[in-house]
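Enquirer: Let me see the structure of the following:
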Amino acid sequence: MSASLDPELLEAFLPEWRQGCAALAALAAPDGVGPEGVAPEGVAPGSSFPSGPAAAGRVLDQLRGMAAAFGIASLLALLEEAPPLLEQPGLPGLPGLAAALAAQAEAIGAAGMDLPLSAPPTPEAAPEAGAGVGAGVGMGAGTGVGAHVCEAAPPRRVLVVDDSAMMRRLVRETLSGDPAFQVVGEAADGRAALEAIAALHPDLTMLDIEMPLLDGIGVLRAWALSGHGAVVVVSSAARPGSELALRARRLGAAAVVGKPSGAFSPDLRDRNGAAILRAARRAAGLPALSAGA
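Expert: Numbers count the residues shown, from 1 in each chain. Prediction:
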């Protein structure tokens, strides 16, 4: 955990992370404003915006995807303690979790490297049955990154959305080669995608941007209000780092993967399949595959 992090990557990471933490804290605030008067991006303080466990889960998915993308294990370990907080009426634990995530990220930014988490709370101070922020968090057995992922866990249910039948097949075959995923549906346009998300409740949606009837950005906007699971954008129009990719990330996409030009190329899986699979595993909260896997 002592390896240095690229300063330029940290400079790009911290503002987005702060925004995500502010949004997470605001979800438990009755007036829609976080503890420091910060509302989620695009929402005026005091106005209404999506709330509740589903909205919190999407913010947590986005934070988890960011931490995994940058390989910051301590933040992933903190996020492992989030699920019990979503079961509490009113989500009272979210501001504390957001504060812990923000403080850890700021310490990492100052040090230029990932840092161990502080010691877990003493038994006297710890909330019941893992319901508090950081309860049981440490780097010991059963608490590290991926501790809740086991061999017996059911596969993540995936929806593949792309107007190209060839691309849908290639994404499906790429993910089907990993036993951690099960493709449960496909859609060829944005409207069909929203219907499939509502009907199937996928754990992960692999989403194109340029589609008929409703594009991927429109799908993300609707999904951000009432969707389920995480979203990975797979698109030649939203290359990582582009303005369109940033829009997708702001709307909650856990990752953006670029398609090579010529989606019908038969070697697409060889050229981009590994990147698609890596992004899917990060978004689903799964550990990275070893080099030989």
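
Enquirer: For the rest of this, base every contact and every neighbour count on C-alpha atoms.
Expert: Noted.

Enquirer: So what's the predicted local confidence for residue 5?
Expert: With respect to pLDDT, residue 5 has a value of 78.

Enquirer: can you tell me which residues contact it?
Expert: 112-114 (C-alpha atoms under 8 Å, 6 or more residues apart in numbering).

Enquirer: now, which of the residues you listed sits nearest residue 94?
Expert: The nearest member of the contacts of residue 5 to residue 94, counting by C-alpha to C-alpha, is residue 114 at 22.7 Å.

Enquirer: Show the pLDDT at the closest one.
Expert: pLDDT, residue 114: 86.

Enquirer: now do residue 185
Expert: Listed pLDDT for residue 185 reads 95.

Enquirer: Is it in contact with residue 162, as I believe?
Expert: No: counting by C-alpha atoms under 8 Å, residue 162 is not a contact partner of residue 185; they are 11.5 Å apart.

Enquirer: These two: which is more packed in?
Expert: Neighbour count, other C-alpha atoms under 10 Å: between residue 185 and residue 162, residue 162 has more, with 27 against 18.

Enquirer: okay but that one is in contact with residue 170, surely?
Expert: No: under the criterion of C-alpha under 8 Å, residue 162 is not in contact with residue 170, lying 10.7 Å apart.

Enquirer: before we move on, the earlier item: counting neighbours, which of the contacts of residue 5 comes out on top?
Expert: residue 114 (21 neighbours).

Enquirer: Could I get the average pLDDT for stretch 206-220?
Expert: Stretch 206-220 comes out at a mean pLDDT of 92.

Enquirer: what residues does it touch?
Expert: By C-alpha under 8 Å, 6+ apart, the residues outside stretch 206-220 that reach it are 158-163, 188-191, 193-194, 231-235, 237-238, 247-248, 251-253, 280.

Enquirer: excluding its backbone neighbours, what's nearest residue 164?
Expert: What sits nearest to residue 164 in space, not counting adjacent residues and going by C-alpha to C-alpha, 6 or more residues apart in numbering, is residue 188, at 7.1 Å.

Enquirer: if I look at the one you found, how far off is residue 172?
Expert: When distance is defined by C-alpha to C-alpha, to the nearest Å, residue 188 is 13 Å away from residue 172.

Enquirer: and these two? which has more neighbours close in?
Expert: The residue with more neighbours, out of residue 188 and residue 172, is residue 172; 21 against 18, by other C-alpha under 10 Å.

Enquirer: Now do the contacts for that one.
Expert: Residue 172 is in contact with 160, 183, counting by C-alpha under 8 Å, 6+ apart.

Enquirer: Over to residue 156: give its phi and psi.
Expert: Residue 156 adopts backbone torsions of phi -70, psi 130, taken as degrees, to the nearest 10.

Enquirer: who's it bridged to?
Expert: The partner list for residue 156 in beta bridges (DSSP bridges) reads residue 181.

Enquirer: Quick check: pLDDT value at it.
Expert: Reported pLDDT for residue 156: 91.

Enquirer: so it touches residue 184, yeah?
Expert: No: using C-alpha under 8 Å, residue 156 is not in contact with residue 184, being 9.5 Å away.
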